Each structure stands twice: as C-alpha cells, then as structure tokens.
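> My questions are about this predicted structure, shown below with the sequence.
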Amino acid sequence: MTETDQAVPDPAAPPPANDPAADATPEARLAALEKELADLKDQALRAMAEAENTRRRAQREADDARKFALAGFARDLLAVVDNLGRALQAVPPEKRAGGDIANLHAGVEMTERELLAVLDRNGVKPVDPLGEKFDPNLHQAMFEAPSTDKPAGTVIQVVAKGYTLQGRLLRPAMVGVAKTPDLPPGGIDTRA
C-alpha cells in the first residue's frame with residue numbers, strides 16, 4: 001500500500017484501540033448509537049421546521065409586497081379623488097340643471113365614479129366616519145367643536161375621507177370631533 005492510498009475501515013472489524021466504545025458492551029454501544037440517532041433525528045426535524053418557517057415567512061412577505069405594492073401610487077391618487085370631489089362641490093346646484101356647466105359637472109362626476117371604482121377593485125376602500133366615535137387609529141382630528149346633540153368624542157364633520165388598502169390604513173380621515181360645551185361659571189351643568 002502506498003502513502004496516497006487510504007485504508008478503508010472494515011465495518012466488521014473491531015473498533016480501534018483508542019475508541020472509547022471499544023471497551024463498552026454491545027448493549028452500551030447500541031444505546032450510544034440510538035442516542036446519536038435520536039440526536040441526529042432531532043437536528044433533522046429542527047432543520048426541516050426552520051426551512052418550513054422560512055418558506056412561510058418568505059411567502060407572507062411576497063404576498064404583502066404584492067398586496068401593498070401600489071400603496072404609494074394609490075396614496076398619490078387620493079389627491080386626485082379629493083380634487084374631483086371639490087370640483088363637484090364647487091358647482092352650485094342651480095347650475096347643474098342644464099347647459100355646458102351641467103355637462104362638465106356630469107363628466108367630472110363620471111370620472112370620479114370610475115376612479116373610485118378602480119381604487120375599489122384594487123383594495124382601496126373609503127373611511128367615512130361621520131357620526132362614529134373618534135378612533136385615532138383611523139381618524140386625524142382637525143378641530144373640536146362644542147356639541148349638545150352629539151356625545152363628546154363623536155365625529156361631527158369629515159373634512160377629508162380616509163382610505164384603507166387591503167385593510168391597512170392608507171390615509172386617515174380628517175375630521176372634526178364633538179366636545180362637551182364649556183360649563184357656565186361656577187362649574188354647574190344646567191343643561192339637563
């Protein structure tokens with residue numbers, strides 16, 4: 001045998017003299033091998049679980065990227081929706097009855113409706129909270145106004161609608177919120 005040849009161990013041969021399992025009984029060697037097998041099986045299961053978790057995380061991130069990829073574009077389009085709404089509100093009701101302004105109004109109205117339908121098909125939904133309780137997760141308070149007919153903390157005016165994209169807030173609704181009217185001097189509420 002030359003120096004470059006390597007000896008292939010014979011599986012039937014007894015273990016080398018420096019092997020600690022050489023002095024062990026066959027039962028002890030079997031127990032050690034079973035423990036090693038259990039450890040390797042545990043490592044393999046953990047590696048498979050980690051790979052599955054990584055796959056799921058990557059799939060979830062890819063799904064989120066697909067769902068929310070147009071968030072910036074949709075947010076930019078909301079300014080267009082706002083301007084179309086303002087244009088529609090700027091035309092007095094008496095001018096909407098006939099003539100060129102009525103035709104222009106109808107065209108702007110159809111454009112707004114189509115744009116809102118396109119946004120809706122892509123998961124952009126309006127948040128119009130008039131009469132609802134103020135929710136800082138969905139609304140941005142622009143002002144507070146005293147109100148005797150609405151409880152404090154109720155949205156009494158919507159300055160600009162909010163929008164969500166696939167259930168995630170895209171833009172908060174800008175609202176006016178009711179507050180308790182100031183009490184008269186002496187701090188006694190005589191309204192009841």
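Cool, the structure landed. Nothing here was measured: the structure is a model prediction, and the numbers come from that model.
> confidence score at residue 62?
What the model reports for residue 62 is a pLDDT of 88.
> And the chain, what are its domain boundaries?
In the domain annotation for the chain, the residue ranges read 24-67, 124-181 (automatic domain parsing).
> Select, out of those domains, the one closest to residue 99.
Among the domains of the chain, domain 124-181 comes nearest to residue 99, with 29.8 Å by CB to CB. Heads up, the C-betas are built off the backbone N, CA and C, glycines and all.
> quick one: average pLDDT of the closest one?
Model confidence over domain 124-181, given as mean pLDDT, is 92.
> and that domain, how far from the chain's centre?
20 Å (CA atoms, centre = their mean, to the nearest Å).
> for it, how far is the first residue from the last?
Domain 124-181 has an end-to-end distance of 37 Å (criterion: CA to CA, to the nearest Å).
> And the domains of the chain: which comes nearest residue 110?
Taking those one by one with CB to CB, domain 124-181 is closest: 17.9 Å.
> Residue 125 is in contact with residue 163, isn't it?
Yes: counting by CB atoms under 8 Å, residue 163 is a contact partner of residue 125 at 6.7 Å.
> is the residue nearest in space to the middle of the chain in a bridge, and if so with what?
With distances taken as CA atoms, centre = their mean, the residue of the chain nearest its centroid is residue 168 (4.5 Å). Beta-bridge pairing of residue 168, defined through DSSP bridges, involves residue 165.
> hmm, back to that, now, of the domains of the chain, which is deepest in the fold?
Each of the domains of the chain was scored by mean neighbour count; the highest is domain 124-181, a mean of 16, by mean count of other CB atoms under 10 Å.
> and the domains of the chain as JSON lines, adding distance to residue 75?
Compiled in JSON lines, these are given as follows (distance: least, CB to CB, whole Å):
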{"stretch": "domain 24-67", "distance to residue 75": "15"}
{"stretch": "domain 124-181", "distance to residue 75": "6"}
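> can you pull out the strands in the chain?
According to DSSP state E, the chain carries its strands in the segments 124-127, 139-146, 155-160, 162-165, 168-171, 173-179.
> Counting by contacts, list what the longest helix seen in the chain packs against.
Counting residues, the longest helix in the chain under DSSP state H turns out to be helix 26-68. When contacts are defined as 3 or more CB pairs under 8 Å, 6 or more residues apart in numbering; DSSP states H and E, helix 26-68 packs onto no helix or strand at all.
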